[in-house]
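# kindly generate the corresponding structure for this input.
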Amino acid sequence: GTLGEEFTIWLQLKTIADMGIIGLANAGKSSLLAAVTNANPKIANYQFTTLNPNLGVASYDDKEVTIADIPGLVEGAHKGTGLGTQFLKHIERCKSLLHMIDITSEDIKKSYKQIKNELKNYSTKLAKKKELIVLNKADLVDKNELKKIIKDFSKSIKSEVTVLSTFEKKSVLKIKAKLITYAS
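Numbering: from 1, shown residues only. Prediction:
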């Protein structure tokens, strides 16, 4: 025989999903994935529990949607802070986004804008993806306060805003129905 060739190939696998759940750390993304699919992501009450994207399939009215639970993004993710660019690459392959926001956060508008800025600074295409905004952990807020928060937040946002508690079955079913419409 003759001398052979030697070369290195770098392959990069990107998760493909109909919908990607995005947001800051500890917003409840993994809890939602567990509530609407048969996936068993690690869930804990501390930040950065999810270190790798988790996938699940939600079924509703004989339709299925593949959902990716993307680990929490941090400020500067588009520059590579933390594992930011790795997570942002997974979001590129999602058809639509579910933007999860912890309603008990001090400033939910700031939380929303922080993630939107990371998406926009990484790729303008990401910032333009179809988006469903979910204010999570509604069970931790008084009903009157909840209405006030939703009204105030919705004024400055163009996308649909909905409220969720992953502990309430009715709330989870409502979100499941929306996932099917948004992901198609």
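
# what's the local residue count around the residue nearest to residue 103 when sequence neighbours are not counted?
Of all residues not flanking residue 103 in the chain, residue 135 sits nearest, at 4.3 Å (C-beta to C-beta, 6 or more residues apart in numbering). (C-beta placed from N, C-alpha, C; glycine too.) By other C-beta atoms under 10 Å, the residues close to residue 135 number 26.

# is the nearest residue to residue 157 once chain neighbours are set aside in a helix, a strand, or coil?
Using C-beta to C-beta, 6+ apart and skipping residues adjacent in sequence, the residue nearest residue 157 is residue 133, 6.3 Å away. Of the three states, residue 133 takes strand according to DSSP: H, G, I helix; E, B strand; the rest coil.

# residue 133 against residue 115, yeah?
No. At 10.2 Å, residue 133 does not count as touching residue 115 under the criterion of C-beta atoms under 8 Å.

# quick check: neighbours shared by those two?
Applying C-beta atoms under 8 Å, 6 or more residues apart in numbering, one finds that residue 133 and residue 115 are jointly contacted by residue 99.

# residue ranges with poor pLDDT in this structure?
13-15, 40-52, 73-87, 184 (pLDDT under 70).

# how does it look with 50?
Within the chain, the stretches with pLDDT under 50 are 46.

# tell me which stretches of it form helices.
For the chain, the helices defined by DSSP state H cover 29-36, 84-92, 108-122, 124-127, 143-155, 169-183.

# show me the one of those that comes nearest residue 5.
helix 84-92 (29.6 Å; C-beta to C-beta).

# what is the neighbour count of residue 5?
Neighbours of residue 5 (other C-beta under 10 Å): 4.

# check contacts around it.
Per C-beta under 8 Å, 6+ apart, neighbours of residue 5: none.

# the residue lying closest to residue 17 once chain neighbours are set aside pairs with what?
Closest residue in space to residue 17, ignoring its immediate chain neighbours: residue 68 at 3.7 Å, by C-beta to C-beta, 6+ apart. Taking DSSP bridges as the rule, residue 68 bridges to residue 20, residue 55.

# what about residue 68, distance to residue 147?
Counting by C-beta to C-beta, to the nearest Å, the gap from residue 68 to residue 147 is 31 Å.
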